[in-house]
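Peer 1: give me a model of this one.
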Amino acid sequence: MLVVDDHPGFRDALADLIAASPGFVLKGMACSGEEAIAAVDDLAPELVLMDVVMPGMGGISAARAIRRSSPSVMVVLTSVNSPALYPGASELGDEVASERKQDLGPRRLQELWTNHHG
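Peer 2: Numbering: from 1, shown residues only. Next up, the predicted model:
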């Protein structure tokens, strides 16, 4: 998995979540949409947890680019508010999940993964 968030505290929290989730392995972290795209190319993660709001390229634009270049990668957009409320999020369709950061725990992460690969 790849974690993408411009706030170190949220990156660390997501890394802790991954460590507490059986079957998931953290491959890397990035702090911008641009870094996320490069990291997907370099690290080939199967799942990307990415913040919606970041300086520069935000999560929605980065998710769109990742899905175009690596259609098998699952992207989960995260935000303190519902990520689905952000402009452009609905255009991403079912291939990009959205989740509030505070609702994302090991069980929910497993559900998202199972629903995507089910």
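
Peer 1: and the closest residue in space to Gly105 that isn't next to it in sequence, what does it touch?
Peer 2: Spatial nearest neighbour of Gly105, chain neighbours left out: Leu17 (6.8 Å); criterion: CB to CB, 6 or more residues apart in numbering. Any C-beta I mention is one placed from the backbone N, CA and C, and that applies to glycine too. Contacts for Leu17 (CB atoms under 8 Å, 6 or more residues apart in numbering) come out as Leu104, Gly105, Pro106, Leu109.

Peer 1: which among those count as buried?
Peer 2: Neighbour-count burial (16 or more other CB atoms under 10 Å) applied to the contacts of Leu17 gives Leu104, Leu109.

Peer 1: out of the contacts of Leu17, the closest to Met57 would be?
Peer 2: Sorting those by distance to Met57 puts Leu104 at the head of the list, at 21.9 Å, by CB to CB.

Peer 1: what sits against that closest one?
Peer 2: Leu104 is in contact with Leu14, Leu17, Leu49, Val76, Thr78, counting by CB under 8 Å, 6+ apart.

Peer 1: how much space between the residue lying closest to Ala20 once chain neighbours are set aside and Val75?
Peer 2: Closest residue to Ala20 in three dimensions, ignoring its sequence neighbours and counting by CB to CB, 6+ apart: Pro106, at 5.2 Å. In this structure, Pro106 and Val75 are 19 Å apart, going by CB to CB, to the nearest Å.

Peer 1: which residue is nearest the middle of the protein?
Peer 2: Centroid-nearest residue in the chain, with CA atoms, centre = their mean: Leu49, separated by 1.9 Å.

Peer 1: host element of that one?
Peer 2: In the assignment (DSSP states H and E), Leu49 maps to strand 47-51.

Peer 1: thank you, goodbye.
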